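Asks: Structure here, sequence nowhere to be found:
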């Protein structure tokens, strides 16, 4: 994105978590970025891993951050550890980003990050792109039930980003129907008895790599239609919310 950078825009931005990494990369100039987390280049966790290649990576120790001498720290430093809380006492400029559990939360994070890095217009342009990407999505689920089923039988509940996506495409989250918390375990037998119309799974579990993924391939689950998407699209509240939503809606329509 080519636009003028304000004279007071930060020149040494440090990110303290995976979600902040992606927002900073989406909205700041590369030469503004002084440190991302080591997860930034993990393609299974970050949808922007390829963009992180060549950017400086740093651990989240206060000593390392002090050595960089950033003029903006993005993440949740005050709540992570005593060492990082020290940054606040040093009067570093901090942007605390709340966890984005729905689309509105993503937009709030985008706007806050864009403003902090000195490119508010990029934030608005990114949100406009997302709105366009979501505009044509139909409620293909028609009230059918889906479960976001993960390694070792963990199921994601309501009040989460994947739950927000399910509702957007017209699905009912099985976890909510069963009264489960945000993260709960459900055995294969319990899942079969619940009879969801769809299983939404992480694409990394499409093949068996360990005991945790093996249970997702139990023969008893074979007849439940499966929708596979990358975990990186939903682990954080980022513009990849659109990709996940479109992929799930398209998969429902194809069944």
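Replies: That came through fine. None of the values given here were measured: they were computed from a predicted structure.
Asks: following the lowest-mean-pLDDT helix or strand in the chain, which helix or strand shows up next?
Replies: None of the helices or strands of the chain scores lower by mean pLDDT, DSSP states H and E than helix 82-89, at a mean of 61. Proceeding N to C from helix 82-89, the next assigned helix or strand is strand 94-96, under DSSP states H and E.
Asks: Give me the sheet partners of that next one and which way each runs.
Replies: Strand 94-96 sits in its sheet next to strand 72-75 (parallel), going by DSSP bridges.
Asks: Show me the contact partners of the strand it pairs with.
Replies: By C-beta atoms under 8 Å, 6 or more residues apart in numbering, the surrounding residues in contact with strand 72-75 are 10, 12-17, 20, 23-24, 65, 87, 92-97, 113, 116-117. (C-beta placed from N, C-alpha, C; glycine too.)
Asks: name the element residue 112 belongs to?
Replies: Here residue 112 is assigned to helix 103-117, by DSSP H and E.
Asks: Please, where are all the helices along the stretch 151-255 of the chain?
Replies: 161-168, 174-177, 188-194, 211-214, 241-254 (DSSP state H, counting those that start in this stretch).
Asks: Can you add mean pLDDT, distance to residue 6 and mean neighbour count and give the ones you listed back as TSV?
Replies: Formatted as TSV, these follow (pLDDT from 0 to 100; distance: least, C-beta to C-beta, whole Å; neighbours: other C-beta atoms under 10 Å):
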stretch	mean pLDDT	distance to residue 6	mean neighbour count
helix 161-168	96	32	23
helix 174-177	96	44	20
helix 188-194	96	52	14
helix 211-214	86	47	14
helix 241-254	96	28	19
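Asks: and the residue lying closest to residue 68 once chain neighbours are set aside, helix, strand or coil?
Replies: In this structure, residue 68 finds its nearest non-sequential neighbour in residue 34, 5.1 Å apart by C-beta to C-beta, 6 or more residues apart in numbering. Secondary structure state of residue 34, per DSSP: H, G, I helix; E, B strand; the rest coil, is strand.
Asks: Going forward, the N-terminal residue is numbered 756.
Replies: Let's use 756 as the start, then, which means that last one is residue 789.
Asks: roughly how far apart are residue 789 and residue 962?
Replies: 38 Å (C-beta to C-beta, to the nearest Å).
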